[in-house]
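Chemist: I'll drop the sequence and a predicted model, then ask my questions.
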Protein chains: 2
Amino acid sequence: MRIVVARCTVDYTGRLSAHLPSAPRLIVAKADGSVAVHADDRAYKPLNWMSPPCSLAIEQNPDDSDLVTWRVTNRAGEVLTIVLEEVFHDSEHQLGTDPGLVKDGVEAHLQVLLAAQPTALEPGLTLVRREHPTAIGPVDLLCRDVAGQAVAVEIKRRGEIDGVEQLTRYLELLNRDPHLTPVRGLFAAQEIKPQARILASDRGIECVVVDYDALRGTDDPESRLF
Amino acid sequence: MRIVVARCTVDYTGRLSAHLPSAPRLIVAKADGSVAVHADDRAYKPLNWMSPPCSLAIEQNPDDSDLVTWRVTNRAGEVLTIVLEEVFHDSEHQLGTDPGLVKDGVEAHLQVLLAAQPTALEPGLTLVRREHPTAIGPVDLLCRDVAGQAVAVEIKRRGEIDGVEQLTRYLELLNRDPHLTPVRGLFAAQEIKPQARILASDRGIECVVVDYDALRGTDDPESRLF
DNA sequence: CCGTAAATGTCGTCG
DNA sequence: CGACGACGTTTACGG
């Protein structure tokens, strides 16, 4: 990883055109060839960048030895050009491959918990299959309700419109199966946005807000992911 | 901006829980109090971070002077804890506020151009309203065709499936209005993906590929965004 | 390589 | 401040 702090100008041409006037910035070139240009605010988002896979070419300006140009290109024809005008810091570091991070609290875990206790979604609900396959992808949970009717469950951490659309597509396919139809839709999330709720209601899909911590508290520790 | 390269462990507790085992990484603390921890790959995304507004507290471990702990917290109660085990580099830089970047080619500009010349979409098309409101959000353009029929236009830079879904939802709502129904759908983009085209066709929505440069060339310079 | 779904998405805008 | 949609979304995962 190469770390440079320099006054520079930056130009990006690709999905759009963007230009950064001359100013001091942090430039990070990583081992995978990627480059990011950061200002002194916003932790997450670089001002400009090139994602891997891409390649970096460094050119010395023949007319002016003070000017060095970094040209980063990718297969899609996007180009990021950085002209270094004044370098305040320049160092190289060997970091090695990162062991990666361990997460908890994601959708996968919610799915495991709800698969173990489908009655948390609705009294009498029983699990038929987790990740039930369809032509366009797996449904999170396929269940049967107390009356024996099939119920397709889509699980999200945060329930938004996208999730309702996704469940709608699954329902359309599942209802073509004579063994299953008519299939009810159930949209489960820790939090459901008003617009998603309206759309779901309009499509005849029920919404259930689930409490992650409560589910965790009542489940069998053996079945936990972590 | 403070730049540290160090062997460290990182823990995040907030929207989820995450842990990074000990390894060498880049840590950037910015003027707004935000902190990002980067591995030697992926230009854009940090391994861990805390977005502003947040505050950084640096504590010297009383038992072991080699261990320094950074604790970053925000109003929402999220906590990022970084324990520095071995520091390879540590420097501070004054960057000042960035002049910011200049963009071009975004969807907003396309919408302005097409609102000014709806005939670029279809001969005889006239604009009724830009950002026409519906219960689930505004339709980019509401027009009337040469026969007087209402036409809802959804504009994207790149036309993909979710854009077609969006337009479908608008059409469903607009068609409930007796003053408008039957409403035609028109999906306009600089580039339309095959899957989006198929879905649009299935829904009876027409697709129009628009040439941004050509539109720009023929429009009135007064109406430009930039 | 393309298509889809997830994300601690982040970021602007508008109510 | 919250909801909503755009973003050069990025990133991971399957076929």
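Modeler: Received it, and whenever you're ready, just let me know what you need.
Chemist: how about A:Val112, secondary structure?
Modeler: State at A:Val112, reduced to three classes by DSSP: H, G, I helix; E, B strand; the rest coil: helix.
Chemist: Kindly provide the distance from it to A:Pro138.
Modeler: Distance of A:Val112 to A:Pro138, computed by Cβ to Cβ, to the nearest Å: 14 Å. The C-beta positions use only the backbone N, C-alpha and C, and glycine is treated the same way.
Chemist: who's more crowded, the two?
Modeler: A:Val112 (16 against 13; other Cβ atoms under 10 Å in any protein chain shown).
Chemist: So for that one, what's the pLDDT?
Modeler: Note on A:Val112: pLDDT of 90.
Chemist: Kindly report the same for A:Thr168.
Modeler: pLDDT at A:Thr168 comes out at 92.
Chemist: Show the backbone phi and psi for it.
Modeler: Main-chain dihedrals, A:Thr168, degrees, to the nearest 10: phi -60, psi -40.
Chemist: A:Ala196 is in contact with that one, correct?
Modeler: No. A:Thr168 lies out of contact with A:Ala196 (Cβ atoms under 8 Å); the separation is 11.5 Å.
Chemist: Compare the two and say which is more crowded by neighbours.
Modeler: A:Ala196 (23 against 18).
Chemist: correct me, but that one touches A:Leu167?
Modeler: No. Counting by Cβ under 8 Å, A:Ala196 stays clear of A:Leu167, with 10.2 Å between them.
Chemist: Give me the contacts around stretch A:168-182.
Modeler: A:134-137, A:139, A:142, A:149-150, A:152, A:154, A:183, A:185, A:203, A:205 (Cβ atoms under 8 Å, 6 or more residues apart in numbering or on different chains).
Chemist: let's go with 10 Å and repeat that
Modeler: A:128, A:132, A:134-140, A:142, A:144, A:149-154, A:183-185, A:187, A:199-200, A:203-205, B:161, B:165 (Cβ atoms under 10 Å, 6 or more residues apart in numbering or on different chains).
Chemist: which ones among those residues are found in strands?
Modeler: Under the assignment DSSP state E, these contribute A:128, A:132, A:139-140, A:142, A:144, A:150-154, A:184-185, A:187 to strands.
Chemist: Mutual contacts of A:Thr168 and A:Ala196, please.
Modeler: Common contacts of A:Thr168 and A:Ala196 (Cβ under 10 Å, 6+ apart): A:Phe187, A:Ile205.
Chemist: before we move on, back to that, ok, and which of the contacts of stretch A:168-182 reach DNA strand C?
Modeler: A:Ile136, A:Gly137, B:Ile161 (Cβ under 7 Å from any atom of the strand).
Chemist: helix/strand/coil for A:Ala196?
Modeler: Assigned state for A:Ala196: helix (three-state reduction, three-state DSSP).
Chemist: Now do the phi/psi pair for A:Asn87.
Modeler: One correction, residue A:87 is Val, not Asn. Per-residue torsions, A:Val87: phi -100, psi 120 (degrees, to the nearest 10).
Chemist: Could you give the bridge partners of it?
Modeler: Here A:Val87 sits in beta bridges with A:Ala6, going by DSSP bridges.
Chemist: thought it was touching A:Asp66?
Modeler: Yes. Using Cβ atoms under 10 Å, A:Val87 is in contact with A:Asp66, at 9.0 Å.
Chemist: and these two? which has more neighbours close in?
Modeler: The residue with more neighbours, out of A:Val87 and A:Asp66, is A:Val87; 14 against 10, by other Cβ under 10 Å.
Chemist: mind listing what the more buried one touches?
Modeler: A:Val87 makes contact with A:Val4, A:Val5, A:Ala6, A:Arg7, A:Cys8, A:Ile27, A:Asp66, A:Val68, according to Cβ under 10 Å, 6+ apart.
Chemist: Skipping its backbone neighbours, what lies nearest the fourth one in space?
Modeler: Just to be clear, that refers to A:Arg7. The spatially closest residue to A:Arg7, leaving aside those adjacent along the chain, is A:Glu86, at 4.1 Å (Cβ to Cβ, 6 or more residues apart in numbering or on different chains).
Chemist: phi, psi of the residue nearest to A:Ile192 when sequence neighbours are not counted?
Modeler: Using Cβ to Cβ, 6+ apart and skipping residues adjacent in sequence, the residue nearest A:Ile192 is A:Gly159, 3.7 Å away. Here is the backbone geometry of A:Gly159 (degrees, to the nearest 10): phi -80, psi 110.
Chemist: how far away is A:Gly159 from A:Leu199?
Modeler: Distance from A:Gly159 to A:Leu199, by Cβ to Cβ: 10 Å.
Chemist: shared neighbours of the two, which are they?
Modeler: A:Phe187, A:Lys193.
Chemist: Give the residue from those two that has the larger number of neighbours.
Modeler: A:Gly159 (26 against 21).
Chemist: could you list every residue that touches the more buried one?
Modeler: Neighbour list for A:Gly159: A:167, A:187-193, A:195-197, A:200, A:207-210 [criterion: Cβ under 10 Å, 6+ apart].
Chemist: Repeat the analysis, applying 7 Å as the threshold.
Modeler: Residues in contact with A:Gly159 (Cβ atoms under 7 Å, 6 or more residues apart in numbering or on different chains) are A:Phe187, A:Ala189, A:Glu191, A:Ile192, A:Lys193, A:Ala196, A:Cys207.
Chemist: tell me the secondary structure for A:Asp64?
Modeler: coil.
Chemist: interface residues of chain A facing DNA strand C?
Modeler: Neighbours of DNA strand C within chain A, by Cβ under 7 Å from any atom of the strand: A:42, A:44-45, A:75, A:101, A:103, A:106-108, A:136-137, A:156-158, A:162-163, A:166, A:169.
Chemist: Which among those count as buried?
Modeler: Buried by 16 or more other Cβ atoms under 10 Å in any protein chain shown: A:Arg42, A:Lys45, A:Leu101, A:Lys156, A:Arg157, A:Gly163, A:Gln166, A:Arg169, out of those.
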